[in-house]
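>>> need coordinates for the following:
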Amino acid sequence: MKHLKNLLFLVVLFCLSTVVNAAYLDDWPDDALCGWMQQSSPPEYIIEEVKKRGILCTDGVASINPNASQNGGSDTQSTEGIEIYDIVFDEEILGELIKIAPVESAADFTEFFKEYQLAFLQNQLTCGFKLKRVVYENTSKGEIEDWNMAYGSLIINGSEVTLDGSWRMGGLSNDPKYMKDEVNLRLTRDGHIVGKMAYFHLSINNGEAPRKPLFIELKKHQNSKPLNYKIRAAAEYWIDVEDWAGGIMYVFNCKDSAELQKIKSAKEKAVKLYTDALAKEKAELRLLNKIYQPYVLGPNTVFKIDYLDGVFEAKSAPEDSKKLHDDELHKAHINGMINSASLDQSIGLRTLMSIRENEDNLTLVVSAAEDEDKEMDPLKEFAEPAILKCGKLPGFWWDKLSFVVSTTDIEIAKTQKCYFDFFNNQTNSEAKKLYRAILSASPRILSYLKSDTDR
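Residues are numbered from 1 along each chain as shown. All right, here's what the predicted structure looks like:
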């Protein structure tokens, strides 16, 4: 009976000590508890306190136990009494495990290229590429969707294949690193592209949660059309991704560095020729203004018509010397007076005149052939020598004198300047005065012919 009382006393004492110890542990930090948990047989009340707090002890350091429940730590998956250690593998075993485990980076795929015979191109090859999705839901052959998941340039240097482009799938695909850094591809000798790359299989719209890329493997595919640059500068590579859908990469317009340099040189040459042509055109316009400057005598030349007779239109022109030619707009026999303050003279003008016009030139043609046109006599003897020296102007013939009113043709402008210099240097003062007067008044004569003959 005495022994029974002693046993009962010990049980009560243990229960009281447990309660006291549990209350005492409320002030202990988590790391202090984990220090006790490192012992081979930690006290029961320490273990219970660790479970209660929902902490995980590793090498005496406390952390939140992700498997602990929210109701005080009563978790059926508790790690009570279990310690976790880092496992160290040798390189050979680790390599085998990596082959089994999912690869989350394209860079880790390098060792797999040992399985292939890789190509080595002497010149860098640059191609265009576009990547489309292939859906197998309706047919085992696959339906190619008519939109691009990604596109850009594909560069082959030696055997290494890099991509310079962008994804169009939204979300994380907008990050350029997945096209630049997470692509580890090679070209094989038989023209296939193999390796690993980040791959975005589903589109992400605004507001949707982003999806991480798949890291898919490109292998030789029975449907692929490998690259043989010497025969065909294009290829098609089919990509297996999931059961319901995959992809197809079109590679096209491949050119090596030598071809690209030729194209670049040709473009640079074309740009230079275009730039030089613009510069030449500007120079010619300046020259054109300079050529015309000596005989543009200002607004002080006035042309006055006393009367007009014999206006003919093309459709009703009689079969005579006044018939309109194909490029003649107006033709009339006029009698008028040129008054020029710049030349300080007044000159009578009675002759047949017409207008010649095309896209480049507007010319006044004055006839010097008719015997009754005595006012043109000073110019008649110089018509042929002028043509022999300077060449022909539009409408200019042995019995006609042309006066170019406007032109965009630099050669025509030079020829007109030659005529001006030819008559300006004549000792025959009457011919010189008459030529300069008509040239000075030609815009106003031309304007008169247009306005009066259209009535």
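>>> which parts of the stretch 201-350 of the chain are strands?
For the stretch 201-350 of the chain, the strands defined by DSSP state E, counting those that start in this stretch cover 214-218, 235-239, 245-256, 301-311, 328-340, 345-357.
>>> got the contact list for the nearest residue to Asn174 once chain neighbours are set aside?
In space, and not counting its chain neighbours, Asn174 is closest to Trp167: 7.2 Å by C-beta to C-beta, 6 or more residues apart in numbering. The C-beta positions use only the backbone N, C-alpha and C, and glycine is treated the same way. By C-beta atoms under 8 Å, 6 or more residues apart in numbering, the residues touching Trp167 are Met149, Ala150, Ser173, Asn174, Tyr178, Met179, Phe200.
>>> what's Trp167 sitting at in phi/psi?
Trp167 adopts backbone torsions of phi -80, psi 160, taken as degrees, to the nearest 10.
>>> for Pro394, same thing?
Note on Pro394: backbone dihedrals following degrees, to the nearest 10 are phi -60, psi 120.
>>> that older thread, which among the contacts of Trp167 end up buried?
Burial by neighbour count, judged by 16 or more other C-beta atoms under 10 Å, picks out Met149, Ala150, Ser173, Tyr178, Met179, Phe200 from those.
>>> can you tell me the helix or strand for the closest residue to the first one other than its chain neighbours?
What that stands for is Met149. Nearest non-adjacent residue to Met149, counting by C-beta to C-beta, 6+ apart: Leu131, 4.7 Å away. Secondary structure assigned from DSSP states H and E places Leu131 in strand 125-135.
>>> now for that strand, which elements pack on it?
strand 143-144, strand 150-157, strand 245-256, helix 257-292 (3 or more C-beta pairs under 8 Å, 6 or more residues apart in numbering; DSSP states H and E).
>>> could I get these as JSON lines with mean pLDDT and distance to Ser224?
JSON lines is the format used below for those (pLDDT from 0 to 100; distance: least, C-beta to C-beta, whole Å):
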{"stretch": "strand 143-144", "mean pLDDT": "94", "distance to Ser224": "14"}
{"stretch": "strand 150-157", "mean pLDDT": "94", "distance to Ser224": "15"}
{"stretch": "strand 245-256", "mean pLDDT": "93", "distance to Ser224": "9"}
{"stretch": "helix 257-292", "mean pLDDT": "75", "distance to Ser224": "24"}
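>>> output those as JSON lines; include the columns distance to Leu185.
Shown next, in JSON lines, are the helices and strands packed on strand 125-135 (distance: least, C-beta to C-beta, whole Å):
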{"stretch": "strand 143-144", "distance to Leu185": "21"}
{"stretch": "strand 150-157", "distance to Leu185": "9"}
{"stretch": "strand 245-256", "distance to Leu185": "10"}
{"stretch": "helix 257-292", "distance to Leu185": "19"}
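>>> out of the ones you listed, the one nearest Tyr45 is which?
strand 245-256 (58.4 Å; C-beta to C-beta).
>>> got the contact list for the closest one?
By C-beta under 8 Å, 6+ apart, strand 245-256 touches 121, 123-137, 142, 144, 149, 154, 193, 199, 201, 227, 229, 233-241, 263.
>>> are any of those residues buried, and if so which?
Among the contacts of strand 245-256, those classed as buried by 16+ other C-beta under 10 Å are 125-134, 142, 149, 154, 193, 199, 201, 227, 229, 233, 235, 237-239.
>>> mind giving me the domain split of this protein?
19-87, 116-259, 296-453 (automatic domain parsing).
>>> where in the stretch 1-150 of the chain is pLDDT low?
1-24, 66-91, 93-104, 108 (pLDDT under 70).
>>> can you pull the buried residues of stretch 152-171?
Neighbour-count burial for stretch 152-171 [16+ other C-beta under 10 Å]: Gly152, Leu154, Ile156, Ser159, Glu160, Val161, Leu163, Gly165, Trp167, Met169, Gly170, Gly171.
>>> is the first one in a bridge, and if so with what?
To tie it back to what came earlier, the one meant is Gly152. Phe129, Gly165 (DSSP bridges).
>>> and what of the third one?
Each beta-bridge partner of Ile156 is listed here, defined by DSSP bridges: Leu125, Val161.
>>> now it: how far from Ala258?
Applying C-beta to C-beta, to the nearest Å, the value for Ile156 to Ala258 is 14 Å.
>>> the fourth one too?
Counting by C-beta to C-beta, the separation of Ser159 from Ala258 is 19 Å.
>>> show me where the stretch 1-150 of the chain has helices.
2-24, 30-37, 44-53, 91-100 (DSSP state H, counting those that start in this stretch).
>>> shouldn't the residue nearest to Met149 be in contact with Leu154?
No - with contact defined as C-beta atoms under 8 Å, Leu131 does not count as touching Leu154 (10.2 Å).
>>> so who does the residue positioned nearest the centre of the chain touch?
Nearest residue to the geometric centre of the chain (C-alpha atoms, centre = their mean): Gly152, 11.4 Å. With contact taken as C-beta under 8 Å, 6+ apart, Gly152 is in contact with Gly128, Phe129, Leu163, Asp164, Gly165, Ser166, Met179.
>>> same question for Tyr136.
By C-beta under 8 Å, 6+ apart, the neighbours of Tyr136 are Gly142, Glu143, Asp243, Trp244, Ala245, Gly246.
>>> mind running it again at 10 Å?
Gly142, Glu143, Glu242, Asp243, Trp244, Ala245, Gly246 (C-beta atoms under 10 Å, 6 or more residues apart in numbering).
>>> highest neighbour count among those?
Gly246 (20 neighbours; other C-beta atoms under 10 Å).
>>> what bridges to it?
Bridge pairing for Gly246 (DSSP bridges) gives the partners Val134.
>>> please shift the residue numbers so they start at 391 in all later answers.
Noted, 391 is the first residue going forward, which turns the last one into Gly636.
>>> so how far is Gly581 from it?
Counting by C-beta to C-beta - Gly636 and Gly581 are separated by 20 Å.
>>> all helices for the stretch 741-845 of the chain, in order.
According to DSSP H, counting those that start in this stretch, the helices that the stretch 741-845 of the chain contains are 767-780, 800-814, 819-843.
>>> weakest of those by average pLDDT?
With a mean of 79, helix 819-843 has the lowest mean pLDDT of those.
>>> check which residues of that one are buried.
For helix 819-843, burial by neighbour count (16+ other C-beta under 10 Å) applies to 821-836, 838-839, 843.
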